[in-house]
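Novice: Here is a sequence with its predicted model. Questions after.
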Amino acid sequence: MSLMEWDGTYSIGIKELDDHHQHLFMLINRAFDGYNRGMGDAAVKKLLDELLEYATYHFSAEEMRMGEDAYPGIEEHYRQHKLFVNKVAELMELYKAVGSSILTSTLMFMNTWLTRHILQHDREYARYCLEQPTAPKRPTATA
Ligand SMILES: [Fe+2]
């Protein structure tokens, strides 16, 4: 069974970001499944690197939108993203020291962090977008 199941609960109503989030779910599942199927450490680590690269791309895209929308919560949101990046970097350092046993914890952390972050922080931003009568009407927004 996959670690992360995407369903409508996680949609924040902004298509670009929903697509990114779904892609992150897929990448986390792929690494998790690979690890469980006994894929070698190096291969799982490669999947994690890809995942991190995509997460960094996604955070930048999200922050750019927030900047364009003059979102007042951007500083706190940026701080949340930074916490994730720092925590994962810390876990990857541990990986060098203790090996693959840390990979499951890393993926579990990503799973928990991402779902909470979407449901709380990203949703807060989506709400702000809806409440702004003068907010630019984005062609990608579905809400
Ligand atoms: Fe975010």
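Specialist: Sure thing, it's come through.
Novice: H21: what's it in contact with?
Specialist: W6, Y10, I12, H58, L114, I118, D122 (CB atoms under 8 Å, 6 or more residues apart in numbering). Using the backbone N, CA and C atoms, a C-beta is placed for each residue, glycine as well.
Novice: Distance to the ion and pLDDT for those - can I get that in TSV?
Specialist: As requested, the contacts of H21 are exported to TSV (distance: CB to the ion, whole Å; pLDDT from 0 to 100):
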residue	distance to the ion	pLDDT
W6	16	91
Y10	12	96
I12	9	97
H58	8	97
L114	9	96
I118	7	97
D122	5	97
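Novice: T106 is in contact with A89, isn't it?
Specialist: No - if you go by CB atoms under 8 Å, T106 and A89 don't touch, sitting 10.6 Å apart.
Novice: Look at those two and report which has more neighbours.
Specialist: Comparing T106 with A89 by other CB atoms under 10 Å, the one with more neighbours is T106, at 23 against 11.
Novice: Give me the pLDDT for that one.
Specialist: pLDDT, T106: 89.
Novice: The contacts of H21 into TSV, with extra columns for secondary structure?
Specialist: Converted to TSV, the contacts of H21 look like this (DSSP: H, G, I helix; E, B strand; the rest coil):
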residue	secondary structure
W6	coil
Y10	helix
I12	coil
H58	helix
L114	helix
I118	helix
D122	helix
